[in-house]
Structure formats: C-alpha cells, structure tokens
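A.B. asks: Okay, structure incoming, though there's no sequence with it:
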C-alpha cells in the first residue's frame, strides 16, 4: 500500500508543478530569476497609390529596394492634369480681373464719356422742347393738324426719357458697383481659386513619393498600366521605428509598465537589443468579452508595444523575439 502511495504522491507533485507553470509558451516565463515574454517584430506596411487615376509612366524602384522618405516611387502621365490646371488658372485670372474692376470703380475716361453723352441728350431735349412749344402754339391757332403736333410731342417725350436714362448712367458711373455685385464677384473668384487649387493638387499627386523610410515589399503595377484613384501600386514596409509586439498574461500585468527598459533577443544575433515598453493595451485579446469567470481570467492576455532603441538590418518584420525583463525591474 505504501509503495502505491509514493507514485501517487509524485504524480500529484508533477500536476501541481505543471499548474504552476501555466501561462508559459507565448505569454511568458514567471520564474523567480527572470521574466520573459514572447512576440514578434511588428509588421507595419502601407499600400501606396495615386489619389487620382491615370496612366503610369514610370516606376523606378524594384521589390526589395530600400527607399528614404520622400523618394520618388512612381509617376503618372501629367499632360491631362496639366491641361486641367491651366484651364482652372485661366478661369481664376478672369474672375480676379472682374472683381478688381468692380472694386476699383469706373475709370475717369468712362465717366467723362457718360457725361458727354448726357450733354448730347440734353441738347437734343432742348431742341425738342423748342419745337414742341412752337407746335403747341400752332395747334392752338389751328395752323397745323393734330397729327403733326402728336409727332412733335412724341419726339419731345422721347428726348426727355433719353436725358433721364443718361443722367442715371452718369450717376451709376460715379457711384461704382453695388456691394452685392462686388460680393457676388468675390464669391465667383473664391470658387475659381478652389477649383484651381484642386487641379494643382491633382497635378502634384501625379508623383508618388515614399511617406516614410522603408523597403518595397510588392510592386503591383507596371508602367503603361491605367490605375484608378486609390489603386495599389506599391506596398511599403516601414522600417523605422522598429517595434515589437508581445503579450503578457493578466496575472503579470503588475510586472510591466510603460517606460520600462527591456532586452530583446533573437535567434540570429547573440547580443540583445534594447527597448522600451511604450504601450500596454487596455483591453484583453484572444478571449471573448463574455468570459468573466475567475477560472478563465488568468487566460486573458494584453498586448505590449515595445520600441527597439538600437535596431539593425538583422532585425526583420515578423521575426520572433524573446523579451526579457529583470525580476527586480521597477
């Protein structure tokens, strides 16, 4: 009986030891001497494309090329975009000229010309008045017919109307444009400027540049292809800063904090990299939100983002790493 109890006791000890090591694997090593987490170098890629559609004329980079920020990666045929820009610029210039004309008012020469026309109309009216008064006397003396008098009266009334119109024209010339007309012209000019700026942006976007330093992962198009707006032309892997994504189990959350220094080890280099914990996720991953029992809470894990302070070309995106933290680390 005693011989049977000894193996059972050893088995119970092994079970307890196994339960004590729960959470190892990808979540971490909770030994007394060290604290290890496991993760990967974060993969950060961006699909690059043109904001406007068109025909690709050049892609001077190949897959695997390292490119600095701002380097030209591809070009679109610019002729249609340049034509649109020139047309909108011409409209903007015309709208500006009209607005300046209204704001500056009429030239002295224009006012003088209107005043000369008014003087001419007044002279015509004076002659028509003299004839009208003479025809009135003749009609009263029954010397002329009613129809002859009517013609003279019509000419007199027309001359009066022409003088009134000429006086109003001179007044408008002297006062200049109405505020409403100036406001409408200003709005037209602003709309023309907006169209011009949009056309200029489209023209500038015919050149695709690297938004950050990185490596070309894929080349999805070739010169001559017609691409729609937003279509992927290249995929860029962002090299800097290098970040590691690791996970910590819920019981170990108290052992890590933002700003904490860590060592990062890989299988390809003997020396460790140095990094700093910059972010700890506020929510758990890989576990449904409805699971809240005490037995399952220890399975909740939280994502860490660690910035590598001294990366080199041997540290590649997606590479598995081991993050080590001293047991007495603050």
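C.D. replies: Ah, there it is. Bear in mind the structure is a predicted one, so any value in this text is a computation, not a measurement.

A.B. asks: List the buried residues for the lengthiest helix in the chain?
C.D. replies: Determined from DSSP state H, the single longest helix within the chain is helix 108-140. By neighbour count on 16 or more other CB atoms under 10 Å, the buried set for helix 108-140 is 111, 114, 115, 118, 121, 124, 125, 128, 131, 132, 135, 139. In this view, the C-beta of every residue, glycine as well, is placed from N, C-alpha and C.

A.B. asks: For the last one, give me the pLDDT.
C.D. replies: In this case it means residue 139. Among the per-residue scores, residue 139 holds a pLDDT of 83.

A.B. asks: helix, strand or coil for the nearest residue to it once chain neighbours are set aside?
C.D. replies: Distance criterion CB to CB, 6 or more residues apart in numbering; nearest residue to residue 139, sequence neighbours excluded, is residue 149 at 4.4 Å. Using DSSP: H, G, I helix; E, B strand; the rest coil, the structure places residue 149 in helix.

A.B. asks: In contact with residue 149, which residues?
C.D. replies: By CB atoms under 8 Å, 6 or more residues apart in numbering, residue 149 lies in contact with 135, 136, 138, 139.

A.B. asks: separation between it and residue 216?
C.D. replies: 97 Å (CB to CB, to the nearest Å).

A.B. asks: gap between the residue nearest the centre of the chain and residue 228?
C.D. replies: By CA atoms, centre = their mean, the chain has its centre lying nearest to residue 51, at 9.9 Å. From residue 51 across to residue 228, the span is 11 Å (CB to CB).

A.B. asks: what's the answer for residue 71, then?
C.D. replies: Look at residue 71 and residue 228: by CB to CB, they are 24 Å apart.

A.B. asks: same thing with residue 220?
C.D. replies: Separation of residue 220 from residue 228 (CB to CB) stands at 13 Å.

A.B. asks: In terms of neighbours, single out the busier of those two.
C.D. replies: The residue with more neighbours, out of residue 220 and residue 228, is residue 220; 15 against 10, by other CB atoms under 10 Å.

A.B. asks: Just read off the phi/psi values of that one.
C.D. replies: Per-residue torsions, residue 220: phi -80, psi -20 (degrees, to the nearest 10).
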